[in-house]
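K.L.:
Starting from these lines, generate the structure:
(one chain, ligands or ions: 1)
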Amino acid sequence: MLSAVVLWPWHLNGTESSKRPVATQGVVAMIQEMTRQASLDLLARTHLCRLACAQGSQPYVVPCYFAYHKNSLYSFSTVGQKIEWMRANPLVCVEADEVVSPQEWVSVIVFGRYEELPDTPEYQCERAVAYNLLQKEATWWEPGYLKTILHDTERPLVPVFYRIHVVQITGHRATP
Ligand SMILES: Cc1cc2nc3c(=O)[nH]c(=O)nc-3n(C[C@H](O)[C@H](O)[C@H](O)COP(=O)(O)OP(=O)(O)OC[C@H]3O[C@@H](n4cnc5c(N)ncnc54)[C@H](O)[C@@H]3O)c2cc1C
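P.N.:
You can find the predicted model right below:
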């Protein structure tokens, strides 16, 4: 499906209620739905996402590195809020994109399911897949494994491998 949209930069005149479009600054972009394969291809070539999880009615979004493999996003962390929330509610949403300009970008949204890959005999194969994917970029380990001190409590450095199964994916592409 193809649709033409006008992307308006909103002109702020002091208050929110005074937002109005400025015709002279309008730019036109075509927004097109991407196929499932094109959306998965974006996941395969990009590695930074926004991962959203929820506790009750409260959403929580964090930037995260991942590696895509066979319909799943693999990542690594230490135990903190997002891991605790995803353990309690495995339904998550992931956004990834490539932005060239306001008129030229691709963006995908995944509705997915969190699965932890614990250090147990039955998960050794999946953990090896995750390790091999993630170790290709050594620096990715740093944000997930940084020693964190919050509220005077040092976070234990317990490594957690996990994957997000892609349940549903949509992609949009904007072109000038
Ligand atoms: C480019 C980039 C890539 C990253 N890649 C990874 C990765 O692959 N794996 C990984 O585990 N982490 C990664 N991080 C760090 C990640 O965004 C989280 O900060 C980190 O995982 C801690 O999340 P948590 O829920 O365990 O936080 P906790 O330490 O439990 O969070 C406590 C509170 O700190 C605040 N907080 C947490 N994270 C952030 C944040 N990023 N910005 C602002 N406030 C925050 C929130 O208010 C939260 O409620 C990355 C960060 C960046 C910027």
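
K.L.:
and Val160, what are its bridge partners?
P.N.:
Beta-bridge partners recorded for Val160 (DSSP bridges): Ser77.

K.L.:
ok, it to the ligand distance?
P.N.:
Relative to the ligand, Val160 is positioned 8 Å away (Cβ to the nearest ligand atom, to the nearest Å). No exception for glycine: its C-beta is placed from N, CA and C like everyone else's.

K.L.:
Contacts only, for that residue.
P.N.:
Phe76, Ser77, Thr78, Val79, Ile83, Glu116 (Cβ atoms under 8 Å, 6 or more residues apart in numbering).

K.L.:
Just the buried ones among the residues you listed, please.
P.N.:
Buried members of the contacts of Val160, counted by 16 or more other Cβ atoms under 10 Å: Phe76, Ser77, Thr78, Ile83.

K.L.:
right, and out of these, which lies closest to the ligand?
P.N.:
The ligand has its nearest neighbour among the buried ones among the contacts of Val160 in Ser77, at 3.1 Å by Cβ to the nearest ligand atom.

K.L.:
Hmm, Val158 and the closest one touching each other?
P.N.:
No: if you go by Cβ atoms under 8 Å, Ser77 and Val158 don't touch, sitting 9.5 Å apart.

K.L.:
any low-confidence regions in the protein?
P.N.:
1-27, 138-157 (pLDDT under 70).
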